[in-house]
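Student: Sequence first, then the predicted structure, then my questions.
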Amino acid sequence: DVKVTQSSRYLVKRTGEKVFLECVQDMDHENMFWYRQDPGLGLRLIYFSYDVKMKEKGDIPEGYSVSREKKERFSLILESASTNQTSMYLCASRSARLIFNEQFFGPGTRLTVL
Amino acid sequence: GENVEQHPSTLSVQEGDSAVIKCTYSDSASNYFPWYKQELGKRPQLIIDIRSNVGEKKDQRIAVTLNKTAKHFSLHITETQPEDSAVYFCAASSWPGGYNKLIFGAGTRLAVHP
C-alpha cells in the first residue's frame, strides 16, 4: 500500500520558534511537494523537490525553506514561525518516471503558531 | 504564469441530483487533468483523471470532460449521495517540462443534502 506519512498531525508552536515538518514516502518517488491549505485558497505550493538535494520555489516560498537529503524524506522548515503561518500543511509525492500518474498526499499537519 | 480557475466555490444539491464543477486552465501545454476529493479531516485522494488525447472519461457515477480548444474541463457527478459531500480540487500539469508539477484550482465544497 502506498504511503506518505508526516511526522505530526497537530503541532502548536510559539512565534519566533524554528519549526520542522517532516514527510516520508515509501514509493521511491522522485518528486516531493509541500503545500499549505487555507479555507477558500485551495492548495498552494510552497516548495518542491525533483531529486535529492534539489529544490524549487513554489508560489508562496517566503518564510519557508526545505531540505531533501534522502530520496524518501522531504522536510519543511519555518525559520522563525509567525502567526500567519498557522495553517494545514500537506506533503505529497509523485513519480517522475511516468507521464500520467497519481500524486499521493500525506495526512497533513495542522500547525498553530501562538 | 500557470493558473487553474475553478467554479463554483460552493455547491449545494439534493440527494439524487447531478453536480457539475468547472475548471479552466491557462497553460496550453497542459496534458493531464486529475480531480481530487478531500473528505472532512482527510487527505486529498485522486478520484478520476483525463489525458489531453481524450475528450471524456467515465467511472460509474463520475465523469470528466475536456475541451482543449476552450481550455476547460469539468467534473460531473450523477445521482449524488451524502457520501459525495467533500471538497473537490481540479488540477492540470504538463509533461515534459514543468517538473510534472500539478497546478490546483481553489476547490469546490460540495454539500449533498438527504
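Tutor: Sure, I can see it.

Student: Can you give me the distance of the spatially most central residue of chain A to chain B?
Tutor: With distances taken as C-alpha atoms, centre = their mean, the residue of chain A nearest its centroid is A:Trp34 (2.7 Å). Separation of A:Trp34 from chain B (C-beta to the nearest C-beta, to the nearest Å): 12 Å. For every residue, glycine as well, the C-beta is placed using N, CA and C.

Student: got a list of what that residue touches?
Tutor: By C-beta atoms under 8 Å, 6 or more residues apart in numbering or on different chains, the contact list for A:Trp34 reads A:21, A:23, A:45-48, A:58, A:64, A:66, A:74, A:76, A:89-91.

Student: Can you narrow those down to the ones near chain B?
Tutor: A:45, A:48, A:90 (C-beta under 8 Å from any C-beta of the partner chain).

Student: pLDDT score for the first one?
Tutor: A:Leu45 is assigned 93 on the pLDDT scale.

Student: how about it, secondary structure?
Tutor: What DSSP: H, G, I helix; E, B strand; the rest coil gives for A:Leu45 is strand.

Student: What of the second one?
Tutor: Per three-state DSSP, the local secondary structure of A:Phe48 is strand.

Student: The closest residue to it other than its chain neighbours is in what secondary structure piece?
Tutor: Spatial nearest neighbour of A:Phe48, excluding adjacent residues (C-beta to C-beta, 6 or more residues apart in numbering or on different chains): A:Phe33 at 4.4 Å. Per DSSP states H and E, A:Phe33 falls inside strand A:31-38.

Student: And chain A, is stretch B:25-43 touching that?
Tutor: Yes: using C-beta under 8 Å from any C-beta, stretch B:25-43 reaches chain A at B:32, B:34, B:42-43.

Student: Just the closest of the residues you listed to A:Leu11, please.
Tutor: The nearest member of those to A:Leu11, counting by C-beta to C-beta, is B:Arg43 at 16.7 Å.

Student: which strands and helices sit next to the lowest-mean-pLDDT helix or strand in chain B?
Tutor: Sorting the helices and strands of chain B by mean pLDDT, DSSP states H and E puts strand B:103-104 at the bottom, at a mean of 92. With contacts defined as 3 or more C-beta pairs under 8 Å, 6 or more residues apart in numbering or on different chains; DSSP states H and E, the packing partners of strand B:103-104 are strand A:42-49, strand B:86-92.
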